[in-house]
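Chemist: need a structure here:
(chains A and B)
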Amino acid sequence: MNQTKEILKTIGFTMLSIGLFLVLWTFLAVRNPDFLPSPLICIEKLGQMMGRPISRVSLGGHILSSLRRVLLAVFFATLIGLPLGLAMGWSRKVNAFVAPIFEFLRPIPPIAWIPLVILWFGVGEVSKVFLVTLGAYVPILMNTVTGVKMVPPVLLNVGRIYKASNVQILREIVLPAALPAIFAGVKTAVSSGWMIVLAAEMMASRSGVGFLINRGMEAYDVAMIIVGMCIIGVVGYLISIVLTFLERRLCPWKTNLE
Amino acid sequence: MSDNVKVQVRDLNKSFGSLQVLKDVSFDIGRGEFVCLVGPTGCGKTTFLRLLTKLIEPTSGQILIDGEPADPAKHNLAFVFQEPSAFPWLTVEQNLRYGLEIKKRDKDFIDKQVDSVAKILGLDKCLKAYPHELSVSMEQRVVIGRSFAMNPDLLLMDEPYGQMDIKMRYYLEDQVIQLWKATGSTVLFITHNLEEAVYLAQRILIMTNKPTTIKKIMDVDLPYPRNIADPRFIEIRKEVTDLIKWW
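Modeler: Predicted coordinates:
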C-alpha cells in the first residue's frame, strides 16, 4: 500500500515538473512569439514534419541517420579504446608510451578537428563518423584504464595462486572486474557522441537531426529548431534507458548491488 | 625424505631492505596434517604465507613440496585470504568451479567436487546467488569451498574468520575440520586467536617477534570435535598463551 502511495507521489512530482515547465514555456512564448513558439505550435510543427519528408527523408529517417552515425562511432571508439585502455591499465610500459600522446590529444575538442577532417575526408559520412569517434573514444579509454587499475589486488592474487596464465587473468579477472567502469565509459561515449553528431551534421549534411536544426535556422523556422532539440532530448533519454537495461544484463552483480 | 612429509621449509629468510622479517625458519608439515601458525601481531605471518605461495620470493632458503621446490604451476596450492576474495561477477557455483576450471580438470570431476563441497558448507541452496547477495560469513564459505574443491596439495588460510563473531567462528571451524577430513588436504592455518588454534590444529607453530623464527612447535593431542571447556584444552591454550607473550 505504502509502495503504491510512493509511486503515485513520484508520478505526481514528475507531472508537476513537466506541467510547470510547459507553463513557463508558454508564458515566455506569448511574450516573444517570434523568438520562441509555444509548445502547441511546436507540436503542430512536429505533426507536419512527421507527415512530410524533409529533403526527401522522413523524420524517422533523419533520427536513424544520426543514430547510425553515433552507434558506428561508438563501435569504432570501443574497438580503439577498450584494448588500448586494457593495455595501458595493465602495463606500465604501454601506459608510459601512450599516455603522453593521449593526454595531449584529449583536451582538443572534436569540433576543433572539423577543418582538418573536411580537408582529409570531405563532407561525407566518413568525416562525421570520424569526428564522433574522436569524442567517443576518450571516456571509453579513460574508464577502461581506471577500471583495470582499480581491480582489487586480492582477486589478481587468487588468479596467480591458481597459476592462471596472463591471458586467463586478463580475460577472466581483469575484464569482468573492470566491466562496470568500462560500461560507464561507453554510456558517457554514447551521450557525448550524440552531442557531437549534431555539430558534425550541422557542418554539411543532407540528413540527421543536426541537419533539421540547421534547416530550421536557414529558414528562420524556430519551431523546427525546437522540435529538433526536443528530438535530441527524447532520443538521448531513450538511449539512456536502453543502456541502463543493457548494463543490468551485462553486469548483474553490479546493478543488483545498487 | 619420509613419504609422510608434505612440506619442508628449510632456513627460510626474508628481508625487505634492511628489515629482516623471517630468520632461519625451518619446519616440516606432514601429509594431510592440519597445522596452525600463531604469533604476535605484525610478526610476519602473512609474509610467510605469501612466500609459500610464491607471491613473493624468499631472500634465501627453500620451500619443498613433495621434495620439489614449491611451484604453483606444478603443485596444487590454494589460499584463503583475510579479506573476501570471491569473484563478485561469478555466482556461488561459478566461484566454486573457478580453480578447477583454470586447471582444466574434466567436467565430471568438477561437478562432483563442487557438489560435495557445496553440501558440506551448506551452499547447495544458493548456488545461483552472487556473492553480494550473501552475508560475509557465507561469502567466506564460498572462498573456503573454492579452495577445498581443488583438493589442494597445500591449503593456506590467512585468518579467514577474522571478521566474524565467535558463534559463527566455531560453526565455520567445525565445517573446515569436516572438509579437511573429507578431502585429506594438508592445511596451514594462520590465526592470532589462540583458542582457534587449539580448537583446530594437530600441531601449533608458535612464532616470535621480528625477526621471526619458530619459538616452539606444540602437539595438540585432543580428539575432534574439541571441547573448549575440557581441562586439557584450557591447559594447552594457557601454555600457548605463555609462549606467545612478548610483554
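
Chemist: Three-state assignment for the spatially most central residue of chain B, please.
Modeler: Nearest to the geometric centre of chain B sits B:Met157, at 2.6 Å (C-alpha atoms, centre = their mean). Assigned state for B:Met157: strand (three-state reduction, DSSP: H, G, I helix; E, B strand; the rest coil).

Chemist: mind listing what it touches?
Modeler: The contact partners of B:Met157, taken as C-beta atoms under 8 Å, 6 or more residues apart in numbering or on different chains, are B:Phe79, B:Val80, B:Ile144, B:Ser147, B:Val176, B:Val187, B:Leu188, B:Phe189, B:Ile190. No exception for glycine: its C-beta is placed from N, CA and C like everyone else's.

Chemist: intersect these with the contacts of chain A.
Modeler: When these are checked against chain A using C-beta under 8 Å from any C-beta of the partner chain, the ones in range are B:Phe79.

Chemist: part of a strand, is B:Asp24?
Modeler: Yes. When three-state DSSP is applied, B:Asp24 is found to be in a strand.

Chemist: burial count for the nearest residue to it once chain neighbours are set aside?
Modeler: Nearest residue to B:Asp24, sequence neighbours excluded (C-beta to C-beta, 6 or more residues apart in numbering or on different chains): B:Asp11, at 5.3 Å. The tally of other residues near B:Asp11 (other C-beta atoms under 10 Å in any protein chain shown) stands at 12.

Chemist: and B:Asp11, that's in a strand?
Modeler: Yes. Under three-state DSSP, B:Asp11 sits within a strand.

Chemist: can you name the residues that contact it?
Modeler: So B:Asp11 contacts B:Asp24, B:Val25, B:Ser26, B:Ser60, B:Gly61, B:Gln62 (C-beta under 8 Å, 6+ apart).

Chemist: per-residue pLDDT, it?
Modeler: In this model, B:Asp11 is scored at 92, pLDDT.

Chemist: returning to what we had before: beta-bridge partners for the residue nearest to the centre of chain B, please?
Modeler: B:Val80, B:Phe189 (DSSP bridges).

Chemist: hmm, back to that, in CSV, list the contacts of B:Met157 along with pLDDT.
Modeler: Output for the contacts of B:Met157, formatted as CSV (pLDDT from 0 to 100):
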residue, pLDDT
B:Phe79, 86
B:Val80, 88
B:Ile144, 88
B:Ser147, 88
B:Val176, 86
B:Val187, 92
B:Leu188, 92
B:Phe189, 92
B:Ile190, 91
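
Chemist: which one (most neighbours) among the contacts of B:Met157?
Modeler: Result: B:Ser147 is most packed of the contacts of B:Met157 (other C-beta under 10 Å), 29 neighbours.

Chemist: touching, A:Val235 and A:Ser65? I think so.
Modeler: No. The pair A:Val235 and A:Ser65 does not pass the contact test of C-beta atoms under 8 Å, sitting 11.8 Å apart.

Chemist: pull out the buried residues from stretch B:167-175.
Modeler: Neighbour-count burial for stretch B:167-175, counted by 16 or more other C-beta atoms under 10 Å in any protein chain shown, picks out B:Met168, B:Arg169, B:Tyr170, B:Leu172, B:Glu173, B:Gln175.

Chemist: from the residues you listed, which is closest to chain A?
Modeler: The closest of these to chain A turns out to be B:Leu172 (C-beta to the nearest C-beta; 19.1 Å).

Chemist: show me how far the helix or strand harbouring the closest one is from its chain's centre.
Modeler: Following DSSP states H and E, one finds B:Leu172 within helix B:166-183. Here helix B:166-183 is found 12 Å from its chain centre; the criterion is C-alpha atoms, centre = their mean, to the nearest Å.

Chemist: contact partners of that helix?
Modeler: B:34, B:116-117, B:120-122, B:137, B:140-141, B:144-145, B:148, B:151, B:157, B:160-161, B:164, B:185, B:187, B:189, B:193, B:196, B:199-200, B:224-225.

Chemist: drop anything exposed from those residues.
Modeler: Going by neighbour count (16+ other C-beta under 10 Å), the contacts of helix B:166-183 have B:34, B:116-117, B:120-121, B:140-141, B:144-145, B:148, B:151, B:157, B:160-161, B:164, B:185, B:187, B:189, B:193, B:196, B:199-200 buried.

Chemist: okay, and which of the residues you listed map to strands?
Modeler: B:Phe34, B:Met157, B:Val187, B:Phe189 (DSSP state E).

Chemist: got the residues you listed as TSV, with distance to B:Val92 columns?
Modeler: Compiled in TSV, these are given as follows (distance: C-beta to C-beta, whole Å):
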residue	distance to B:Val92
B:Phe34	25
B:Met157	19
B:Val187	22
B:Phe189	23
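
Chemist: you'd agree A:Cys230 is in a strand?
Modeler: No. If the criterion is three-state DSSP, then A:Cys230 is helix and not within a strand.

Chemist: that one and A:Gly216, how far apart?
Modeler: For A:Cys230, the distance to A:Gly216 equals 12 Å [C-beta to C-beta, to the nearest Å].

Chemist: cool, and B:Gly61?
Modeler: B:Gly61 is 79 Å from A:Gly216, by C-beta to C-beta.

Chemist: who has more neighbours, the two?
Modeler: Taking other C-beta under 10 Å, B:Gly61 and A:Gly216 do not tie; A:Gly216 has more neighbours (21 against 17).

Chemist: give me phi/psi at the more buried one?
Modeler: When read as degrees, to the nearest 10, the backbone of A:Gly216 gives phi -60, psi -40.

Chemist: wait, it sits on A:Met229?
Modeler: No. If you go by C-beta under 8 Å, A:Gly216 and A:Met229 don't touch, sitting 9.4 Å apart.

Chemist: up against chain A, what does chain B have?
Modeler: Checking chain B against chain A by C-beta under 8 Å from any C-beta, the hits are B:53, B:55, B:72-73, B:77-79, B:81, B:83, B:85, B:87-89, B:98-99, B:102-103, B:130-133, B:150.

Chemist: switch the cut-off to 6 Å
Modeler: B:53, B:72-73, B:77, B:79, B:81, B:83, B:85, B:88-89, B:99, B:102, B:130, B:132 (C-beta under 6 Å from any C-beta of the partner chain).

Chemist: is it possible to export the residues you listed to JSON lines including secondary structure and distance to A:Lys149?
Modeler: Formatted as JSON lines, these follow (DSSP: H, G, I helix; E, B strand; the rest coil; distance: C-beta to C-beta, whole Å):
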{"residue": "B:Thr53", "secondary structure": "coil", "distance to A:Lys149": "24"}
{"residue": "B:Pro72", "secondary structure": "coil", "distance to A:Lys149": "24"}
{"residue": "B:Ala73", "secondary structure": "coil", "distance to A:Lys149": "27"}
{"residue": "B:Leu77", "secondary structure": "strand", "distance to A:Lys149": "27"}
{"residue": "B:Phe79", "secondary structure": "strand", "distance to A:Lys149": "23"}
{"residue": "B:Phe81", "secondary structure": "coil", "distance to A:Lys149": "20"}
{"residue": "B:Glu83", "secondary structure": "coil", "distance to A:Lys149": "18"}
{"residue": "B:Ser85", "secondary structure": "coil", "distance to A:Lys149": "19"}
{"residue": "B:Pro88", "secondary structure": "coil", "distance to A:Lys149": "17"}
{"residue": "B:Trp89", "secondary structure": "coil", "distance to A:Lys149": "18"}
{"residue": "B:Gly99", "secondary structure": "helix", "distance to A:Lys149": "25"}
{"residue": "B:Ile102", "secondary structure": "helix", "distance to A:Lys149": "23"}
{"residue": "B:Tyr130", "secondary structure": "coil", "distance to A:Lys149": "24"}
{"residue": "B:His132", "secondary structure": "helix", "distance to A:Lys149": "22"}
